[in-house]
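S.K.: Build the 3D model from these lines:
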Amino acid sequence: MIQDTSLVDLAERFPQLNIDMKYATTDNITGQQIYSVACCLLHSDAAKALEKSIEIARVAGFTLKVLDAYRPQKAQALLWRACPDQDYVVPLSQGSNHSRGTAIDVTLIDADGNVLDMGTGFDEMNVLSHPYHPGLATPFQHNRLLLNAVMLGGGFCGIATEWWHFELPGAAAYPLIDDVFACISPAQTDGVLP
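M.R.: Okay, the predicted model is just below:
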């Protein structure tokens, strides 16, 4: 098992990177802000892979937009409460690769500053969000394949249920990282995390 838990601040390391930490806003599956700050962190190994993906995107005429990266474990518990479905949210007992700093959620922005349409939004937890869903129109499939190529070229792998999620191969070998920043419990919860 890998012992290193060093995290890199992506805003400092990659100032050209577009960052929109969705869980620091209300634009996410919970409908409420759950991160106390819009801090975008990633394990140093994943940051090295991301550097390659950023360059591949640039050569292809695109920019990466980060939607989530390192996730406090308390935030993972809040997401599980909002969507208790292991196809889309990892239960806290298992530990999310986001909480290891080895997973990142991203999309692509074109040269005109437009976010590529992937056919569904971020955090749409249904079968249409699967990377290769046959029911989607060709332009959406094309955009998802382009995103996959950019991330795979950097050294990431995707998962079967979310077009936006990428992680280091063997990500589960990294340790879970203690909460680096605080979470805000959604108002409708009783304040007790699972």
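S.K.: hey, let's count contacts and neighbours off CA atoms from now on
M.R.: Noted.
S.K.: what sits up against the helix or strand that contains Ile104?
M.R.: Ile104 is part of strand 103-109 when elements are defined by DSSP states H and E. Contact with strand 103-109 is made by 42, 46, 62-70, 97-98, 115-116, 147, 164-168, 171, as judged by Cα atoms under 8 Å, 6 or more residues apart in numbering.
S.K.: buried stuff in it?
M.R.: 103-109 (16 or more other Cα atoms under 10 Å).
S.K.: which of the residues you listed lies closest to His142?
M.R.: Using Cα to Cα, Leu108 comes nearest to His142 of these, at 12.1 Å.
S.K.: buried ones in the lowest-mean-pLDDT helix or strand in the chain?
M.R.: Sorting the helices and strands of the chain by mean pLDDT, DSSP states H and E puts helix 73-82 at the bottom, at a mean of 94. Using 16+ other Cα under 10 Å as the test for burial, helix 73-82 gives 73-81.
S.K.: From these, pick the one nearest Leu17.
M.R.: Set against Leu17, the nearest of the buried residues of helix 73-82 by Cα to Cα is Ala75 (23.5 Å).
S.K.: Who does the nearest residue to that closest one once chain neighbours are set aside form a beta bridge with?
M.R.: Counting by Cα to Cα, 6 or more residues apart in numbering, Cys183 is the residue found nearest to Ala75 once chain neighbours are left out, at 6.0 Å. Bridge pairing for Cys183 (DSSP bridges) gives the partners Tyr35.
S.K.: Which residue is the nearest non-sequential neighbour of Pro175?
M.R.: In this structure, Pro175 finds its nearest non-sequential neighbour in Arg100, 5.8 Å apart by Cα to Cα, 6+ apart.
S.K.: where do the helices sit along this protein?
M.R.: Taking DSSP state H as the test, the helices found in the chain are 10-13, 44-59, 73-82, 138-154.
S.K.: ok, now which ones touch the residue nearest to Pro175?
M.R.: The contact partners of Arg100, taken as Cα under 8 Å, 6+ apart, are 5, 43, 70-71, 171-172, 174-177.
S.K.: Filter the contacts of strand 103-109 down to the buried ones and hand me the PyMOL line.
M.R.: To isolate the buried members of the contacts of strand 103-109 in PyMOL, using 16+ other Cα under 10 Å:
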select buried, resi 42+46+62+63+64+65+66+67+68+69+70+97+98+116+147+164+165+166+167+168+171
